[in-house]
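A.B. asks: return a 3D structure for these sequence lines:
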Amino acid sequence: MFTSLSCEHSTERKASRALLGSIWAMIGWKPSLAKQATPEPGEETVVQEEASSVKPRHVLCFLGKDRDLTRLSEAASKAIDDFAAGFSVDEDYSQAEPDDRMSRSFDVCWDRVEPDAWSAADEKAVADHQSVLYVLGPSMAQADTVKAAMMALRLIERMIDAGAVAVKGESAGIEHGLDRWRELIRQGAEAQKAGDLLAEQRIGRLAFAKRPLSARGYLESVGFHLVGLPEVYVPETSGSEREVVAIIDAVADEIAGRGLERTLKARGASLSFDSTYNVDEFKFNPYGIVKLAE
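C.D. replies: Down below sits the predicted model:
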């Protein structure tokens, strides 16, 4: 369906920075310019030390078809009371009117990896939306990330049932069509029922992380911190985009199943904190980056 799966970091940033500025303010973080140069000696160590205090969180964006937030807001509040403790409805940046930035923002955030991840009807729903509701997740310790991802999927299910016409995970800039969200929700529920934590983590990663982004000779993931994993960067020369995506996913599964140190050794990879995001950006991964060698 698509000639290219990847989106360059520069394109993604230009399309989303105005919108993200509002969200940064909403969650109390400030935007900063990404580092593009190789860090000075000792700089990466400082970043690693600062990273230890960073706790990821979900920021979910729901688009409504009516100029009235009551139904969506009440559905979110009920879900929070029922099972999503720690999540909260944002009252400051949600709005009962269209946001003209949404079409462009969603355009760069659609998942281009899963076949038929969205449809023309999903695109039209974004273009025709009449309201926007943000729901904020709690700041998460690494051990709590998978549980929170499953909560977020259940909350998304409630919101779709309540009339949300489009859903985006702002923390990594990822969007699926409603049918794809429903499938991820179903898979997450099955994994929870089976008590399969590795499956829960993988489904959470597919739901809330984006890949591949292209920057500095790598195809990269963003958002793996939302399920407690480091990002994975694979050299662009490692194969086609689909082949590299398969490598990214395989490495993430290996880290989850075998552990970080064993995966680094088996893959001849390194752990780095030389991120294209600074520590005060919510796409920054405090667990680092696994970089595969060329």
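
A.B. asks: which residues touch the residue nearest the centre of the chain?
C.D. replies: For the chain, the residue lying nearest the average C-alpha position, counting by CA atoms, centre = their mean, turns out to be A172 (2.9 Å). Under the criterion of CB atoms under 8 Å, 6 or more residues apart in numbering, the neighbours of A172 are 208-210, 222-223, 226, 283. For every residue, glycine as well, the C-beta is placed using N, CA and C.

A.B. asks: what are the boundaries of the strands in the stretch 101-250 of the chain?
C.D. replies: In the stretch 101-250 of the chain, the segments counted as strands under DSSP state E, counting those that start in this stretch are 131-136, 166-169, 174-176, 210-215, 218-222, 231-235.

A.B. asks: wait, which of the contacts of A172 is closest to R158?
C.D. replies: Nearest to R158 among these is F208, at 16.6 Å by CB to CB.

A.B. asks: ok, which of the strands of the stretch 101-250 of the chain comes nearest D111?
C.D. replies: Judged by CB to CB, the one of the strands of the stretch 101-250 of the chain that comes nearest to D111 is strand 174-176, at 5.3 Å.

A.B. asks: hmm, who's touching the closest one?
C.D. replies: 106, 109-111, 114, 117-118, 166-169, 184, 207-210, 223.

A.B. asks: give me the contacts around the strand or helix carrying F62.
C.D. replies: With the criterion set as DSSP states H and E, the secondary-structure element containing F62 is strand 59-64. Applying CB under 8 Å, 6+ apart, the set of residues contacting strand 59-64 from outside is 23, 26-27, 71-72, 76, 102, 125-126, 129-137, 152, 155-156, 159, 163-171, 282.

A.B. asks: now restrict the residues you listed to buried residues only.
C.D. replies: Buried members of the contacts of strand 59-64, counted by 16 or more other CB atoms under 10 Å: 23, 26-27, 71-72, 76, 102, 125-126, 129-137, 152, 155-156, 159, 164-171, 282.

A.B. asks: quick one: low-confidence ranges for the chain?
C.D. replies: Counting by pLDDT under 70, the chain contains low-confidence residues at 1-3, 7-47.

A.B. asks: if I look at A85, how far off is S94?
C.D. replies: Between A85 and S94 the distance is 20 Å, computed by CB to CB, to the nearest Å.

A.B. asks: buried ones in the strand holding F62, by neighbour count?
C.D. replies: Neighbour count says strand 59-64 has 59-64 buried, by 16+ other CB under 10 Å.

A.B. asks: what's the farthest-apart pair in those residues?
C.D. replies: The widest separation within the buried residues of strand 59-64, taken as CB to CB, falls between V59 and G64 and amounts to 16.9 Å.

A.B. asks: excluding chain neighbours, what is closest to K55?
C.D. replies: Spatially, and ignoring its direct neighbours in sequence, K55 is nearest to S139 (3.9 Å; CB to CB, 6 or more residues apart in numbering).

A.B. asks: isn't that neighbour right up against R57?
C.D. replies: Yes - in this structure, S139 is within contact of R57 by CB atoms under 8 Å, at 5.0 Å.

A.B. asks: who has more neighbours, those two?
C.D. replies: In this view S139 and R57 are compared by other CB atoms under 10 Å, and R57 has more residues nearby, 19 against 14.

A.B. asks: among the contacts of strand 174-176, name the buried ones.
C.D. replies: Neighbour-count burial (16+ other CB under 10 Å) is assigned, among the contacts of strand 174-176, to 106, 109-111, 117-118, 166-169, 184, 207-210, 223.

A.B. asks: do a quick rundown of the helices in this protein.
C.D. replies: Remark: helices of the chain, listed N- to C-terminal, are 9-27, 43-51, 70-82, 102-109, 120-127, 145-161, 178-194, 197-208, 241-258, 260-267; assignment by DSSP state H.

A.B. asks: which among the ones you listed is found nearest to T276?
C.D. replies: Judged by CB to CB, the one of these that comes nearest to T276 is helix 9-27, at 5.6 Å.

A.B. asks: in a markdown table, list the helices of the chain along with distance to E231.
C.D. replies: Output for the helices of the chain, formatted as a markdown table (distance: least, CB to CB, whole Å):
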| stretch | distance to E231 |
| --- | --- |
| helix 9-27 | 12 |
| helix 43-51 | 12 |
| helix 70-82 | 29 |
| helix 102-109 | 17 |
| helix 120-127 | 27 |
| helix 145-161 | 14 |
| helix 178-194 | 20 |
| helix 197-208 | 11 |
| helix 241-258 | 9 |
| helix 260-267 | 12 |
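
A.B. asks: relative to N278, which of those is closest?
C.D. replies: Taking CB to CB, helix 43-51 is the member of the helices of the chain nearest to N278, at 8.3 Å.

A.B. asks: returning to that earlier point: quick one: closest of the helices of the chain to G288.
C.D. replies: Closest approach to G288 among those (CB to CB): helix 43-51, 7.3 Å.

A.B. asks: thanks again, I'm all set now.
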